[in-house]
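Visitor: Sequence and predicted structure are below.
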Amino acid sequence: MINSCLFTRLSNRHDFSRRAVYARFVRIFLTAGLTGLLVGCSFINLEDHRLESPSRKVQEAVDKVRTDLEKSLGNSVPSLNVLIQTPSQRIFVSSVPAGQTPVIETANFRIGSNTKNFTATAILNMHEEGWLNYKARITDLMPGTNMPYVPNTPAWDFPHKKDITIEQLLQHSAGVYDMINDTVAGFNGESYVNYVLSRDSTHRFTTEEILKPIIDNSLSSFAPGTNFYYSNTGYMILSRIIERVYSAKSGSARTYADYLYDHITGPNSRVPLPISFPYRVDDLLLPQPNVTSVIRPASFGMGTGFGPVNMSAYVGTGNGYGTMAALNTYVRSLMRGENVLQPQTVKLMQTDVSLAAPYYGLGTAWFDNLGYGHNGSFAGYLSVMAYDPVTDVSVVAMLPLWDLSQVPASFEKLLSHMYSAAYEAKGALGYPIKR
């Protein structure tokens, strides 16, 4: 079983060169002829043809991207999927090889680092409620309590802890060392998380455990607020802050998943969504229906379906799963100020950026001509969700494939074509796309 998991660093992945826009033509054949008298004769509904035409254009555009990717990889692509919503229409297409069953928009998949946007939403919702101050240092006391945001124990004494703010964790400008992607001395040239999972796929991670190698080796990427470095560990710390604040307010032990369910996605939230955030080592499988991802390691000649995943090391940073339909509803309603956050807070989420990474705000990235949102890469899935306030268009793209046969070139191809599918779908409907 392949146990390693990868998150996309937005600093390296958000900007790819794009192919020129290909002209898309859909032929509409109108058949004229008398088939009988007016009573009982069958008419062609011209309005139906006009309504179908945009869907066909988007389908052709995504089909072209998928076949181009297959040619570039020299191997098959299980599917390439796009959901796009404009002010006047909502279109979902799934491009698959001949004879294969298309994906449906309500099939579950691992959303990876899109989870970070949910984490940021939770933090900012708590800020709106006065439960925390996102500008505060993580060693400050939670409002109305004598408890700091993070534990005041040796197990939490990582470098620069006293100088780091919640805002900097959200922006990836805190300099917290990334224990998911980055190697650590003494662990066979691997990241700590991958090292442990490759030897025990059922291991139950804790935040303290993941912080220990950072403390033992005095690891830090830079002084807080001086640079940008994509840190999954920073978002795991944010998930602990959410737990501590929610537990203090509830008067009993609560988890990150509890808060997301109670306030962001569950039936009592403003916009209920079928999105979950597993963290237990026995919560390993996606519910049905789901999309099977494919991973082709360099050492394997054939693709392999990716199944159970231990999410305990990824809480708050990449442990979510959901559907393309749900992600579209979420990013569209959130960025339009119609979800849990007030419009002024949404604007803050988009514009409070690090000087070192002006395209990345509070758990939110900007993608040229796609809009505000996030991306994700996890367990064989690649995805992006975005909403453009200028055009009022939201788009979600998903590719359930990691081809690692020519790393890093093959992985870059996957990312580039996944983004291209989103751009070409918009272009097929007449919107500007990134070239």
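Guide: Sure, I can see it.

Visitor: Can you pull out the low-pLDDT segments for the stretch 151-300 of the chain?
Guide: 298-300 (pLDDT under 70).

Visitor: rerun that using 90 as the cut-off
Guide: 296-300 (pLDDT under 90).

Visitor: what's the neighbour count on residue 179?
Guide: Residue 179 sits with 27 neighbouring residues when counted by other C-beta atoms under 10 Å. C-betas here are computed from N, CA, C, even on glycine.

Visitor: so what's the most centrally placed residue in the chain up against?
Guide: Against the mean C-alpha coordinate of the chain, by C-alpha atoms, centre = their mean, the closest residue is residue 114 at 2.1 Å. Residue 114 is in contact with 320, 327, 373, 374, 375, 376, 383, 385, counting by C-beta atoms under 8 Å, 6 or more residues apart in numbering.

Visitor: what sits against residue 78?
Guide: 96, 97, 100, 292, 294, 303, 400, 401.

Visitor: Surely the fourth one is in contact with residue 381?
Guide: Put plainly, it is residue 292. No. Here residue 292 lies out of contact with residue 381, judged by C-beta atoms under 8 Å, at a distance of 10.0 Å.

Visitor: Give me the more crowded residue out of these two.
Guide: Neighbours per residue (other C-beta under 10 Å) separate residue 292 from residue 381, with residue 381 holding more: 24 against 18.

Visitor: Quick one, grab the pLDDT at that one.
Guide: Residue 381 carries a pLDDT value of 97.

Visitor: From what I see, it and residue 414 are in contact.
Guide: No. Contact between residue 381 and residue 414 fails when scored by C-beta under 8 Å: they sit 10.5 Å apart.

Visitor: any shared contact partners between these two?
Guide: With C-beta under 8 Å, 6+ apart, residue 381 and residue 414 have common neighbours residue 399.

Visitor: Which of the contacts of residue 78 ranks first by neighbour count?
Guide: Going by other C-beta under 10 Å, residue 400 tops the contacts of residue 78 with 26 neighbours.

Visitor: In this protein, spot the helix with the most residues.
Guide: helix 46-73 (DSSP state H).

Visitor: How far off centre is it?
Guide: Put simply, helix 46-73 sits 24 Å off its chain's centre (C-alpha atoms, centre = their mean, to the nearest Å).

Visitor: now the very next helix or strand once past that helix against helix 46-73, angle please.
Guide: Note on helix 46-73: by DSSP states H and E, the next helix or strand toward the C-terminus is strand 80-85. With axes from the mean of the first three to the mean of the last three C-alpha atoms, to 10 degrees as the basis, strand 80-85 and helix 46-73 are set at 140 degrees to each other.

Visitor: Show me what strand 80-85 is in contact with.
Guide: Contacts for strand 80-85 (C-beta under 8 Å, 6+ apart): 58, 62, 65-66, 69, 90-95, 103, 105, 324-325, 328, 332, 393-399, 417-418, 421-422, 425-426, 429.

Visitor: Buried only: go through those for me.
Guide: By neighbour count, with 16 or more other C-beta atoms under 10 Å, those hold 58, 62, 65-66, 69, 91-95, 103, 105, 324-325, 328, 332, 393-399, 417-418, 421-422, 425-426, 429 as buried.

Visitor: right, and residue 173 touches residue 358 too?
Guide: No. Counting by C-beta under 8 Å, residue 173 stays clear of residue 358, with 11.4 Å between them.
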